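Novice: compute the structure for the input listed below.
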Amino acid sequence: MLTLLGIGALLSLVFGFSSGGYVAFYVLPAGNGVVRSLLTMFLGVLISAITFVLAVSLVWPAVM
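Specialist: Below is the predicted model:
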């Protein structure tokens with residue numbers, strides 16, 4: 001079960017940072033590369049945290 005949690009956390013990070021990168025580079029009108037990079041990192045952490053909390057609170061209890 002711990003391995004499954006680790007894989008889920010890794011997938012959550014990948015999903016969060018790829019979604020954050022997409023939003024920062026294609027959706028929001030960010031100015032230069034530094035702003036885009038910081039926005040990608042901020043959105044990636046935010047989306048990853050939200051996804052992980054939802055997965056642990058909604059999916060994980062049903063599996064246990």
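Novice: dump the residue contacts of residue 16.
Specialist: 43-51 (C-beta atoms under 8 Å, 6 or more residues apart in numbering). Yep, even glycine has a C-beta here, placed from its N, CA and C like the rest.
Novice: hmm, try it at 6 Å
Specialist: 44, 47-48, 51 (C-beta atoms under 6 Å, 6 or more residues apart in numbering).
Novice: tell me the one of those nearest residue 14?
Specialist: residue 48 (8.6 Å; C-beta to C-beta).
Novice: which helix or which strand is home to that closest one?
Specialist: Residue 48 belongs to helix 33-54 when assigned by DSSP states H and E.
Novice: can you pull the buried residues of that helix?
Specialist: 39-40, 43-44, 47-48, 51-52 (16 or more other C-beta atoms under 10 Å).
Novice: how near is residue 37 to residue 20?
Specialist: Noted for residue 37: a distance of 11 Å to residue 20, by C-beta to C-beta, to the nearest Å.
Novice: typo on my end, it should be residue 34
Specialist: From residue 34 to residue 20 the distance is 15 Å (C-beta to C-beta).
Novice: cool, and residue 10?
Specialist: Using C-beta to C-beta, residue 10 is found at 16 Å from residue 20.
Novice: neighbour count for these two, which is higher?
Specialist: Taking neighbours as other C-beta atoms under 10 Å, residue 10 and residue 20 compare with residue 20 leading, 20 against 10.
Novice: so what's the more buried one up against?
Specialist: Contacts of residue 20 (C-beta under 6 Å, 6+ apart): 40, 43-44, 47.
Novice: how about whichever strand or helix holds it: buried residues?
Specialist: Here residue 20 sits within helix 2-22, counting by DSSP H and E. For helix 2-22, burial by neighbour count (16+ other C-beta under 10 Å) applies to 8, 12-13, 16-17, 19-21.
Novice: picking that back up, in TSV: the buried residues of helix 33-54, plus distance to residue 30 and pLDDT.
Specialist: As requested, these are exported to TSV (distance: C-beta to C-beta, whole Å; pLDDT from 0 to 100):
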residue	distance to residue 30	pLDDT
39	6	89
40	9	88
43	11	90
44	14	91
47	16	90
48	19	88
51	22	86
52	25	82
